[in-house]
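*Asks:* Take this sequence and fold it.
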Amino acid sequence: MWETGFIEALSSYFGDWSPHADKLAGRSLLDSVGEGRDWMIERSLAVPLRAIWGEMKENARLASEHREQRGAMQLLANYIKSAGKAGGKDWELHVVAHSAGSIFFAHMLQHILALKLPLRSVQFLAPAVELAVYRDKVFGVASQGLCPLPTLYLLSDDAERADTVGSQLVYGKSLLYLVANACERKRGTPILGMHACLESDQTMKTAYQGQAADGLPSLIIAGARREPEGKEQASSQSTSHGGFDNDPATMNSVLYR
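*Replies:* Take a look at the predicted model:
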């Protein structure tokens, strides 16, 4: 388990933001409805959010790439190796990553491959990893058959735009929209978990039109399909970015795989 604390930090900044919104954004609070409100939040909070998000991503990276070999995943890899479990056939490794967990996995994959660990499945719920990082560290390896292609559970773009961060009075889109437009270094950074980004990238779109392990779909759009409770194999009914790990259909699909 890896916990970021990003939502807590985000909530703190939102709480301090509203009294100074006019000055920070150069825009009147009277205009802060819908797209105008979201634009104001993205602009006025970009600097502090980029710092927090950047530190979180750096923590995820250093867990696997610490220069003094003291990262958590580096230490764990050494323990696995010394215990004689590397490349073993008497156990399996399954990875489930929600939101920023996909960033953590992108960097730790190198250790899984080096140890020849029996990685059997990878599932991403609304992954917050940059599409460029995913291409570089995960997709290329999966394309060579060296690791499973991660199954993606995503919101539709309409659902992303209907989601909120904090409340309807704060940010009127999903967390991934906030990440893409305010937290990353460049506004509009393509994020793997955003269906619109996936659709606009022909390589990704083609790859995810195929099948994942055991002939099951590799791309699951929340709300697009529903199966009887207890029988879910490729289903999600989450209506929010943070709701995937509380959604029975999603969790049953994850456990089935």
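*Asks:* can you map out the strands along this structure?
*Replies:* Secondary structure of the chain by DSSP state E: the strands cover 93-98, 119-125, 151-154, 219-221.
*Asks:* Give me whichever of these is most buried.
*Replies:* Most buried of the strands of the chain, by mean neighbour count (mean count of other C-beta atoms under 10 Å): strand 151-154, with a mean of 26. All C-beta atoms are positioned from the backbone trio N, CA, C, and that covers glycine.
*Asks:* Direction included, what does it pair against?
*Replies:* strand 119-125 (parallel), strand 219-221 (parallel) (DSSP bridges).
*Asks:* Any idea which of those strands gets closest to residue 56?
*Replies:* strand 119-125 (17.0 Å; C-beta to C-beta).
*Asks:* Now do the closest one and strand 93-98, the angle between them.
*Replies:* When axes from the mean of the first three to the mean of the last three C-alpha atoms, to 10 degrees is applied, the directions of strand 119-125 and strand 93-98 differ by 10 degrees.
*Asks:* what's stretch 164-184 in contact with?
*Replies:* With C-beta atoms under 8 Å, 6 or more residues apart in numbering as the contact definition, stretch 164-184 has outside contacts at 10-11, 14, 34, 37-38, 41-43, 45-46, 49-50, 52-53, 99, 126, 128, 130, 155, 159-161, 163, 187-191, 193-194, 197, 240-242.
*Asks:* Alpha carbons of it, as CSV, please.
*Replies:* Below are the C-alpha coordinates for stretch 164-184, written out as CSV (Å, rounded to 0.1, in the frame of the first residue of the first chain):
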residue,chain,number,x,y,z
THR,A,164,-16.0,17.6,-8.6
VAL,A,165,-13.0,18.1,-6.4
GLY,A,166,-14.0,19.2,-2.9
SER,A,167,-17.6,20.2,-3.8
GLN,A,168,-19.6,21.7,-6.6
LEU,A,169,-18.6,25.1,-5.3
VAL,A,170,-14.9,24.4,-5.5
TYR,A,171,-13.7,22.7,-8.7
GLY,A,172,-16.3,21.4,-11.1
LYS,A,173,-14.4,18.6,-12.9
SER,A,174,-12.5,15.5,-11.8
LEU,A,175,-9.2,15.4,-10.1
LEU,A,176,-7.5,14.3,-13.3
TYR,A,177,-8.6,17.5,-15.1
LEU,A,178,-7.1,19.5,-12.2
VAL,A,179,-3.9,17.5,-12.5
ALA,A,180,-3.7,18.0,-16.2
ASN,A,181,-4.5,21.8,-16.1
ALA,A,182,-2.9,22.9,-12.9
CYS,A,183,-0.6,20.3,-11.3
GLU,A,184,1.6,19.3,-14.2
